[in-house]
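Undergrad: quick one, fold the following:
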Amino acid sequence: MKQLFKPTLVAVAVLAMMGCQENKQEAEQAPATKLETPAQKQAYAIGSSMGGYLSKTLEEQKNYGFELDKELIILGLTESLADKSQLTQEEVEQTLMAFEQEVRAKQEEMAKADAEKNLTEGQAFMAENAKVEGVEVTESGLQYQVLTEGEGEKPAATDTVKVHYKGTLINGEEFDSSYSRGEPIEFPLNRVIKGWTEGVQLMSVGSKYKFVIPADLAYGANGTGPIPANSTLVFEVELLDIVKPEAAAESEK
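TA: As a prediction, the model looks like this:
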């Protein structure tokens, strides 16, 4: 469906926006269109969906430095509807393909710049954090600070652990938290990021540690979800328990 509508979506969205802006006074005086029949609602819903999608797309393209001439978009739409397009179908497809490649190249360029920036800022943050009293640095580069020291046993990499945690970026933005969800989480320690696997093994049950994890021990150059590429991550972790094999197997089920 998206591919089918893609070539005309920009025109439809902009036509709607331009029409609203340029003819606002006329629209206010004209009687409102009533959506009474299923066919009327279907037609309107298609236009609404396309307009919303295209409005978002145009805004995203602006972020990459591309701002399309709205008057030309409208012209392309109206002339195509009248079967008077100035471009052949082949030219339309070639132009759109070239434009898509331009946008993609710009996206990759900006993503690379952001990743390099994140790496540099993360290294600077860790250099300062290493000076904080109580912060220890392991051979791998993982930084940890004991907030509360427990007296229980320490897990092995192959154990399943039960923890409460909060994860933030170095700017303090929270991207994940079991506290926010209202319940702790259980997972095998050897199936998470390297910084967690190494760090949680340092903890005794009942402990709470703060970890600063460099990008190469976290999600690296790819990032994931709300975590940008090359992000240094900050976690506060409470080790609540080491889950026994039988309980761990039941939990995985």
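
Undergrad: and residue 110, that's in a strand?
TA: No. Going by DSSP: H, G, I helix; E, B strand; the rest coil, the assignment for residue 110 is helix, not a strand.

Undergrad: look up how far residue 151 lies from it.
TA: Separation of residue 110 from residue 151 (CB to CB, to the nearest Å) stands at 49 Å. Any C-beta I mention is one placed from the backbone N, CA and C, and that applies to glycine too.

Undergrad: these two: which is more packed in?
TA: Neighbour tally, residue 110 and residue 151, criterion other CB atoms under 10 Å: the higher count belongs to residue 110, 13 against 8.

Undergrad: my read: the more buried one touches residue 64, true?
TA: Yes. In this structure, residue 110 is within contact of residue 64 by CB atoms under 8 Å, at 6.7 Å.

Undergrad: contacting residues around stretch 157-173?
TA: Residues outside stretch 157-173 that contact it (CB atoms under 8 Å, 6 or more residues apart in numbering) are 121-122, 125, 155, 174-180, 184-190, 197, 200-201, 227-228, 231-243, 245, 247-248, 251.

Undergrad: in strands, which of the residues you listed fall?
TA: 174-177, 185-188, 233-243 (DSSP state E).

Undergrad: restricted to buried residues, select those in ChimeraX.
TA: Of these, the buried ones can be selected in ChimeraX as follows, counting by 16 or more other CB atoms under 10 Å:
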select :176,187,233,234,235,236,237,238,239,240,241,242,243
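
Undergrad: enumerate every residue touching the residue lying closest to residue 149 once chain neighbours are set aside.
TA: Spatial nearest neighbour of residue 149, excluding adjacent residues (CB to CB, 6 or more residues apart in numbering): residue 207 at 5.6 Å. Listed by CB under 8 Å, 6+ apart, the contact set of residue 207 reads 146, 148-150, 152, 238-239.

Undergrad: out of these, which are buried?
TA: Buried members of the contacts of residue 207, counted by 16+ other CB under 10 Å: 150, 238-239.

Undergrad: distance to residue 217 and pLDDT added to the residues you listed, as CSV?
TA: Below are the buried ones among the contacts of residue 207 laid out as CSV (distance: CB to CB, whole Å; pLDDT from 0 to 100):
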residue, distance to residue 217, pLDDT
150, 23, 94
238, 20, 98
239, 18, 98
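
Undergrad: so which of the residues you listed is the closest to residue 47?
TA: Distance to residue 47 across the buried ones among the contacts of residue 207 (CB to CB) is lowest for residue 238, with 51.7 Å.

Undergrad: quick check: that closest one touching residue 205?
TA: No. Using CB under 8 Å, residue 238 is not in contact with residue 205; the gap is 9.7 Å.
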